[in-house]
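Q: Need the 3D shape of this:
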Amino acid sequence: MSFFSGFSLEHAEIEGGSIRLRRGGDGPPILLVHGNPQTHAMWHAIAPSLSKHYTVICPDLRGYGGSFKPEATSTHAPYSKREMAKDLIQLMENFGFSTFQVASHDRGARVSHRMALEYPEKIERLAVLDIVPTIEHFERTNMKFAMGYYHWFWFAQPHPFPENVISSNPGDWFHAHTSREPKGNDFFHPDALSDYLTHIHDPKMIRGMCEDYRAAATIDLEHDRKSRADGIKIQCPLLTLWGRKGKINEWYDTLAIWREYCTDTVTGGAIHSGHYLPEEAPDKVLEQFEKFFL
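A: Residues are numbered from 1 along each chain as shown. Model prediction:
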């Protein structure tokens, strides 16, 4: 199958700026949200199959890919998951969808978690891939986490230190960063890899990516603590999938953790994959999606 066969590449205007996206298919809406340091292109092996039954929308998050990249502030608020979630709600509303289902990976799953907390009436079902809640990572931090996910703390260092290091050789940095499990040079689809590398050479994306992590360590934690203290939880069915070869499988009882954050049913499990499940094991991901999404 060709890259995003049957999909249009578009830009949509929302309150903050322009969102780049792929759109295809017909039927009930499903939103696919990418992770770091990628773009919507990570869904290339998933979206075409889903489009046989759904209207599929795959955007680039603010700060990433071809979407707008707001100026950073001292509070990191423009890159909070609250603002990113609001972008996605506005995007779906612009296409006429008042409710929808969501599948999300990595940073995008953190955005969709916040979206489900703040817009429970919008989210029908939610799938999160290879994460536990951000607050759980930070509160459970030990040496294994600090060494394995060291980039959480490095990206969050003050501007411009991490940006300068990445900008000195973005291509080598990308390949090192995405090799948390060993992989060959042909791991990523060539069209997807081209998109990732094009945008990681953009200094504004590098800044936006670091701001995403700075927000996670500051304002996002404030929001997460407030939601937890107020007893606000995900109210829709939740599917959580993670890679058996990855760190989430090694460190956490993932189902048990997510059940503390959701009032509805929580299902899922490990897939024989590393961190990049939709690209390494798309058939297994699709099998789970077909069982979960209605």
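
Q: the helices in the stretch 1-150 of the chain, which residues?
A: Across the stretch 1-150 of the chain, reading from the start of the chain, the helices by DSSP state H, counting those that start in this stretch fall at 47-50, 81-94, 107-118, 134-139, 143-148.

Q: who wins for proximity to residue 100 among these?
A: Each of the helices of the stretch 1-150 of the chain was scored for nearness to residue 100 using CB to CB, and the closest is helix 81-94 (5.4 Å). All C-beta atoms are positioned from the backbone trio N, CA, C, and that covers glycine.

Q: re earlier: out of the helices of the stretch 1-150 of the chain, which is closest to residue 174?
A: In terms of CB to CB, the element of those nearest to residue 174 is helix 107-118, at 15.1 Å.

Q: elements contacting that closest one?
A: Applying 3 or more CB pairs under 8 Å, 6 or more residues apart in numbering; DSSP states H and E, we find helix 107-118 packed against strand 29-33, helix 81-94, strand 100-105, strand 123-129, helix 219-229.

Q: which other residues reach that helix?
A: Counting by CB atoms under 8 Å, 6 or more residues apart in numbering, helix 107-118 makes contact with 31, 33-36, 61, 81-82, 84-85, 88-89, 102, 104, 122-123, 126, 128-131, 133-134, 212, 216, 220, 223, 227, 232-236, 261, all of which sit outside it.

Q: at 7 Å what do you get?
A: Surrounding helix 107-118, the residues in contact under the criterion CB atoms under 7 Å, 6 or more residues apart in numbering are 33-36, 61, 81-82, 84-85, 88-89, 102, 104, 123, 126, 128-129, 131, 133-134, 212, 223, 227, 232, 234, 236.

Q: Next, count neighbours for the closest residue to residue 59 other than its chain neighbours.
A: Computed as CB to CB, 6 or more residues apart in numbering, the closest residue to residue 59 that is not its neighbour in sequence is residue 21, at 4.1 Å. Neighbours of residue 21 under the rule other CB atoms under 10 Å: 24.

Q: Kindly report the same for the one 5 residues further on.
A: For residue 26, the count of nearby residues is 10 (other CB under 10 Å).

Q: could we number from 699 for the rest of this?
A: New numbering, starting at 699: the last item is residue 724.

Q: Tell me if I'm right that it and residue 754 touch.
A: No. Checked against CB atoms under 7 Å, the pair residue 724 and residue 754 is beyond contact range at 9.5 Å.

Q: Would you mind measuring from the closest residue to residue 718 other than its chain neighbours to residue 795?
A: Across the structure, with CB to CB, 6+ apart as the measure, the residue nearest residue 718 apart from its sequence neighbours is residue 764 (3.3 Å). Relative to residue 795, residue 764 is positioned 21 Å away (CB to CB, to the nearest Å).

Q: Neighbours of the residue nearest to residue 718, how many?
A: When counting by other CB under 10 Å, one arrives at 20 neighbours for residue 764.

Q: and if you look at residue 851?
A: Burial of residue 851 is recorded as 15 neighbouring residues (other CB under 10 Å).

Q: Same question for the one 5 residues further on.
A: Number of residues near residue 856 (other CB under 10 Å) recorded here: 8.

Q: In three-state terms, label it for me.
A: Classification of residue 856 using DSSP: H, G, I helix; E, B strand; the rest coil returns coil.

Q: Name the nearest residue to residue 963, ignoring sequence neighbours.
A: Leaving aside its chain neighbours, residue 963 sits nearest to residue 935 (5.0 Å; criterion: CB to CB, 6+ apart).

Q: show me what contacts that neighbour?
A: Contacts for residue 935 were tallied using CB under 7 Å, 6+ apart; they are 823, 962, 963.

Q: just those now: which is nearest residue 889?
A: Within the contacts of residue 935, proximity to residue 889 (CB to CB) peaks at residue 823, which comes in at 29.0 Å.

Q: Can you check the pLDDT for the closest one?
A: Looking at residue 823, its pLDDT is 98.

Q: Alright, calling it a day.
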